[in-house]
Structure formats: structure tokens, C-alpha cells
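Asks: okay, sequence plus prediction incoming.
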Amino acid sequence: MEVRNTSSCAKCGSSINPEASFCQNCGAPIRSEPRPTPRPNTSDIPVPGRRQVNRVGRFILVVAFLIFLILVLDWSFSASNRSGTASSNTSSTVSVQLPPSEVAFISTVTPFEERYGKAANEYQKSALRSKRAQALAAILPSLSVENWVGQISSMTTTSDGNGTISVVLPGSQIKVVTDNNSLSASLDSDNTLIPQGSQLYNDLANLAQGDTVFFSGSFLPSDANQLDYIEELSLTEEGSMTEPAFLFRFVRVEKQSATSSEKPSPYVGSGEQGAESTTPQESSQQADVIPAPVAPPASATKAAPAAATMEPVTSDERFKPYANRRFGFSIDYPQSFVAKNPPVDGDGIELASSDGSAILVASGSNNPGFDLAKYYEIAVQSVKGDLGYRRVASDWFVVSWRRRDRIVYQKTFVGKGSENSFTFSYPFNQRAEYGRIVVTIEKSFCPGDLRQSW
């Protein structure tokens with residue numbers, strides 16, 4: 001390797017030319033420091049693919065930023081909408097404090113729905129229904145309520161123009177309802193229909209399905225079997241326990257104000273605790289509006305007919321008794337009615353009015369294995385006309401309908417061994433007269449021993 005000494009020769013000490021390779025005096029080679037080899041500037045050397053990689057990275061960063069920006073804007077917009085909706089709902093919704101008696105009623109009935117669904121067998125289920133009746137008797141001894149809150153689920157009218165209504169209690173499937181009975185004015189002393197032209201009817205005419213309302217009135221006591229304490233209209237036990245519809249006589253229904261949650265002024269005679277007092281003048285004006293609380297019958301026999309609490313409507317017609325020897329049932333019929341040819345098997349009797357316009361048939365038959373629900377289903381499916389009054393109890397049902405110019409009323413008792421029933425049909429244009437007669441017939445009808453087949 002070539003070396004240089006830029007001052008003097010290392011051998012002879014003579015001065016040398018910095019550019020000389022050999023000493024001019026002695027000829028010795030001149031040693032010099034090696035010159036560093038310059039390194040190339042790699043930053044100026046193009047690397048294949050580097051530009052493409054940089055472009056892709058920048059593109060990804062831009063896309064990620066845009067996505068982030070969109071998400072932030074969307075969240076802000078949604079939060080604004082939620083805030084606006086909540087504000088709107090708050091301003092349009094009025095909270096209503098339920099009366100203590102209504103809270104107790106809902107809290108008592110609702111848990112039995114779940115307990116019924118979890119029951120292991122029919123014995124446990126039936127026992128739960130009895131326990132519910134006992135619980136209701138404890139919290140609602142008077143059957144009268146005031147200023148309860150609910151939502152109208154249906155509003156209809158009967159063929160006679162009277163009103164029916166169904167109200168659902170808050171947070172539950174419990175309904176309080178009127179009968180859907182077009183004949184109840186003449187057939188049932190527990191008529192719950194809303195008479196056309198009454199003040200209540202006119203008030204309801206200004207309401208609609210879905211309205212939240214305050215209502216007052218009284219429940220109807222259960223029939224002689226005391227199965228539910230309060231009269232309940234479901235066809236089956238399951239329906240009674242999971243979606244109960246309790247019979248109710250409404251005396252006042254008022255729409256909840258959109259701007260106020262205050263309850264309307266209470267009526268006199270309600271069983272509500274803490275009701276405000278009224279003046280003697282108000283009491284005298286309202287005393288005939290509120291029905292007196294009705295206590296359920298203290299005791300009754302299984303075979304007693306549903307209308308045992310009804311008083312016969314005054315009629316010019318006199319009645320005669322008929323007793324069926326085979327099935328053991330009995331019934332009273334108008335004295336003027338004439339018996340037709342009796343059946344050879346002795347299962348009943350058929351009678352007709354003197355002019356043949358009204359017909360009464362009372363009979364019995366052995367049960368082929370049907371339960372009450374099946375008999376009721378068959379009866380309803382056999383109706384040829386406009387179905388009107390319907391009611392179902394633990395061992396009987398009633399169905400009434402109108403076909404063209406005739407009204408038909410049927411009541412049937414059902415047991416494991418046999419069934420007893422009567423059917424009364426008469427002209428529609430004579431319903432005032434025969435409506436009074438059918439009340440007495442229904443009251444007198446008493447079944448035989450339904451546990452047996454004959």
C-alpha cells in the first residue's frame with residue numbers, strides 16, 4: 001500500500017515534496033496516511049418498491065382517519081337524537097300514581113300467572129286458583145273501587161245499542177270488563193252493560209281504544225261456587241289464571257289528562273282508602289249513582305244454578321214444575337205451554353206456547369268423555385246467527401244468539417257422567433214478554449247428579 005510523508009524523508013531526513021512518491025535525496029519511498037475511500041450516498045440510490053410502499057401507507061392512514069371521523073360524527077348525531085327523543089317523551093308522558101288498592105290487586109293476581117305455569121300437575125294448578133280467590137277476598141272485601149287506572153283495550157256495542165268496554169290494568173294482562181250481553185237487561189240481575197243514552201255512555205263516546213283512563217265502580221261477586229271470589233269470564237282455568245277478565249260494573253270512566261296526573265274527584269260510596277270527603281249535597285246527588293258494595297254469598301251448594309241470587313221478574317204467566325226421572329233435573333215452564341210427544345228414552349221434554357211461536361226443550365244425555373270447554377266449543381260452533389250473551393262457570397255455561405227473527409237461549413250443566421241443558425227460543429219482536437219468562441225458567445233449572453251416567 002502506498003504511503004506518504006508530507007514533511008521529511010523517514011530515512012535521510014531530507015525535505016520532500018508532498019506530492020513526491022520517493023525521496024529525491026536517497027530514493028526511499030515516502031510513507032503517507034491512507035486516504036479514506038469515499039462512501040457512496042445511498043440516499044440518492046433508488047430502492048425498488050419503496051415509493052409504492054410509501055403511497056400505500058399514506059392511503060391506509062387517510063382511510064383510517066376518515067372512518068374514525070365518520071364514527072365520531074355518527075355517535076354525536078345519535079346522542080343528539082336520543083337526547084331529543086327522551087326530552088320529547090318526558091314532556092308528553094304523564095306519570096300516574098296508582099291507588100293502593102289497585103297496586104295490591106295487581107300484585108296479588110299477577111304472581112299467580114307464573115306460579116300456575118310452573119305447577120307440576122292439575123291438582124296444584126286448581127289449588128292455586130282457590131288460593132288466589134282467598135287472597136282477593138282479603139284485599140278487596142267491599143268489591144268497590146275508585147279512581148283506578150287502566151287502558152281501554154276494546155269498546156263495542158251490542159245489537160240493542162248498549163255499550164261494552166274492556167280495560168287493561170297497567171303492567172299486567174289483567175282485564176276488567178263488562179258483559180258482551182245483548183240480552184242481559186232481561187236475563188241477568190247482574191247486568192253490567194252501559195245503557196245507551198246514559199251519562200256514562202255519552203262520556204265513553206268521546207274516548208277511544210288505547211286511551212288511558214281513570215275508572216270507578218264495583219266488581220261482581222263470583223257465582224255460588226265461589227271459584228274466583230270475583231266473577232271471572234274465561235272459558236278455561238288456564239285463561240282465568242294467565243289472562244283473567246274480571247266482570248265489572250263501571251259507574252265512571254274519565255280520560256287521563258295529557259297535562260295533569262291528578263285524579264278526578266272521588267265518588268261517594270267507594271271502598272278506596274283515603275278518599276276525599278264530599279258535601280252532604282254532593283252525597284245526596286251521587287248516592288243513587290254508586291251501587292252499594294255487594295258481598296258474595298256466604299255459602300252455596302254445588303248444584304245451585306247460577307241465577308240463584310236473581311229474583312223472578314214479575315210476569316202474568318204462571319208456571320208448572322217438571323222433573324225428569326231419568327237424569328234427575330227439574331225446571332219450571334209456563335202453564336200455558338203444551339207438551340209435545342215425549343222421547344221414548346225419557347231424556348227430557350219439549351213444550352211449545354199455544355201459538356207455537358215459543359219452544360222450550362229440556363233434556364239430559366250421558367257424557368261421552370267431554371269436558372266443559374268441549375261442550376261449550378260445540379255449542380258456540382253450532383250457533384247459526386249473531387252470537388250475543390255468553391258466560392262460563394266451573395260446571396255450566398250459557399250461550400244466547402239471534403237468528404233472523406228469533407232469539408235462542410241455552411244453558412248447560414256438565415259433569416263427568418252426564419249433562420243437563422235447556423234451550424228456549426222465541427220471536428225477537430216478543431222479547432219483552434219472553435225475556436221476563438226466561439228469567440224465571442233459568443232460575444228454576446236445577447241439574448241432577450251429573451257425576452253419574454244414566
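Replies: That came in fine, so what should we check first?
Asks: mind listing the strands for this structure?
Replies: Remark: strands assigned in the chain by DSSP state E are 144-157, 163-168, 175-177, 212-219, 245-255, 319-323, 330-334, 338-339, 348-352, 359-366, 386-392, 396-403, 406-414, 418-427.
Asks: worst average pLDDT in the ones you listed?
Replies: Note on these: strand 386-392 shows the lowest mean pLDDT, a mean of 80.
Asks: elements contacting that strand?
Replies: Helices and strands touching strand 386-392, by 3 or more Cβ pairs under 8 Å, 6 or more residues apart in numbering; DSSP states H and E, are helix 372-381, strand 396-403. (Each C-beta comes from the backbone N, C-alpha and C, glycine too.)
Asks: let's see it at 7 Å
Replies: Applying 3 or more Cβ pairs under 7 Å, 6 or more residues apart in numbering; DSSP states H and E, one finds that strand 386-392 contacts strand 396-403.
Asks: quick one: low-confidence residue ranges for this structure.
Replies: Residues of the chain that meet the criterion pLDDT under 70 lie in 1-7, 18, 30-54, 56, 69, 71-96, 180-190, 223-226, 235, 258-316.
Asks: centroid-nearest residue for it?
Replies: Residue closest to the average C-alpha location in the chain (Cα atoms, centre = their mean): Q173, at 3.2 Å.
Asks: got a list of what it touches?
Replies: E243 (Cβ atoms under 7 Å, 6 or more residues apart in numbering).
Asks: do I have it right that E317 meets P334?
Replies: Yes: contact status for E317 versus P334: in contact at 4.7 Å, counting by Cβ atoms under 7 Å.
Asks: so for those two, which residue has more residues nearby?
Replies: P334 (20 against 15; other Cβ atoms under 10 Å).
Asks: pull stretch 162-182 out as CSV, backbone CA atoms only.
Replies: These are the backbone C-alpha positions of stretch 162-182, laid out as CSV (Å, rounded to 0.1, in the frame of the first residue of the first chain):
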residue,chain,number,x,y,z
ASN,A,162,-125.8,-0.8,24.7
GLY,A,163,-122.1,-0.4,25.4
THR,A,164,-119.4,-2.8,26.4
ILE,A,165,-115.9,-1.9,27.5
SER,A,166,-112.7,-3.7,28.4
VAL,A,167,-109.8,-2.0,30.4
VAL,A,168,-106.3,-3.5,30.9
LEU,A,169,-104.6,-2.7,34.2
PRO,A,170,-101.0,-1.3,34.0
GLY,A,171,-98.1,-3.6,33.6
SER,A,172,-100.3,-6.7,33.5
GLN,A,173,-102.6,-8.9,31.4
ILE,A,174,-105.5,-8.3,33.9
LYS,A,175,-108.7,-7.0,32.3
VAL,A,176,-111.8,-5.6,33.9
VAL,A,177,-114.7,-5.9,31.6
THR,A,178,-118.5,-5.6,31.1
ASP,A,179,-120.5,-8.4,29.8
ASN,A,180,-120.9,-8.7,26.0
ASN,A,181,-124.6,-9.5,26.6
SER,A,182,-127.3,-8.2,24.3
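Asks: which of the strands of the chain sits closest to A379?
Replies: For the strands of the chain, proximity to A379 was assessed by Cβ to Cβ; strand 396-403 is nearest, at 5.0 Å.
Asks: domain-wise, how is this protein divided?
Replies: 1-34, 53-93, 100-263+280-286, 306-444 (automatic domain parsing).
Asks: quick one: which of these is nearest Q452?
Replies: Using Cβ to Cβ, the nearest of these to Q452 is domain 306-444, at 4.3 Å.
Asks: and the closest one, how far from the chain's centre?
Replies: Here domain 306-444 is found 34 Å from its chain centre; the criterion is Cα atoms, centre = their mean, to the nearest Å.
Asks: now stretch 97-116
Replies: 14 Å.
Asks: before I go, just wanted to say thanks for your time.
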